[in-house]
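> My questions are about this predicted structure, shown below with the sequence.
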Amino acid sequence: MLDSDLIQRIRSIFLHTQPYVSIRDAADLLGWSRGEMRGAIAANHIEVTRTGTSDTIERQELLAQVVARWPIEWIEDALAASATKLLPEGVRTKTVTVRLPRVHAAMLAYLAERDGTTEGHLITHALDRFASEHFEKLAASIPGFADALGWRRVRVDEQPC
């Protein structure tokens, strides 16, 4: 079961209506310390946008961090009934059953436990890298493919912060 604080942070990010968020609010919403946020900005994991007299973070950048950091099934669960309105169809989850060699299943379970995530999240990131390698062919063959990947704006060549 998801922690109520995480549920609230995910909901706050997705239900935020303004195009920008202050750097301090973004750190709070992501559950990061000020130092972690400064590090992510310095490493170019977070893009900062100048608005008026202050530096801010675009809502879309925050959404990309959420999708990179937390499993989409956690996001869907946190959004509950709002998920169908807030997440494009191609981004929402679908249960798929696969048969894997036991060593791969053990590897996924170990890595998910170690990283505090899910096996699905690990597989999603691996598939995102694969999708980037074959993007043109897949986008031409699968309706909505480009929109679903473009919506997330996740940099699949980087590890989530």
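Yep, it's here. Numbers count the residues shown, from 1 in each chain.

> so where do the helices sit in this protein?
4-15, 23-30, 34-42, 59-69, 72-79, 83-86, 102-115, 119-133, 135-141, 145-152 (DSSP state H).

> Which secondary structure elements does the second one sit against?
The reference is to helix 23-30. Judged by 3 or more Cβ pairs under 8 Å, 6 or more residues apart in numbering; DSSP states H and E, the packing partners of helix 23-30 are helix 4-15, helix 34-42, strand 54-58, helix 59-69. All C-beta spots, glycine's among them, are computed from the backbone N, C-alpha and C.

> Likewise for the longest one?
Under the contact definition 3+ Cβ pairs under 8 Å, 6+ apart, helix 119-133 sits against helix 72-79, helix 102-115, helix 145-152.

> Compute the inter-axis angle for it and helix 102-115.
Interaxial angle, helix 119-133 versus helix 102-115 (axes from the mean of the first three to the mean of the last three Cα atoms, to 10 degrees): 100 degrees.

> that older thread, could you dump the helices of the chain to CSV with mean pLDDT?
Listed next are these as CSV, based on pLDDT from 0 to 100:
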stretch, mean pLDDT
helix 4-15, 93
helix 23-30, 94
helix 34-42, 93
helix 59-69, 88
helix 72-79, 94
helix 83-86, 89
helix 102-115, 97
helix 119-133, 92
helix 135-141, 95
helix 145-152, 81
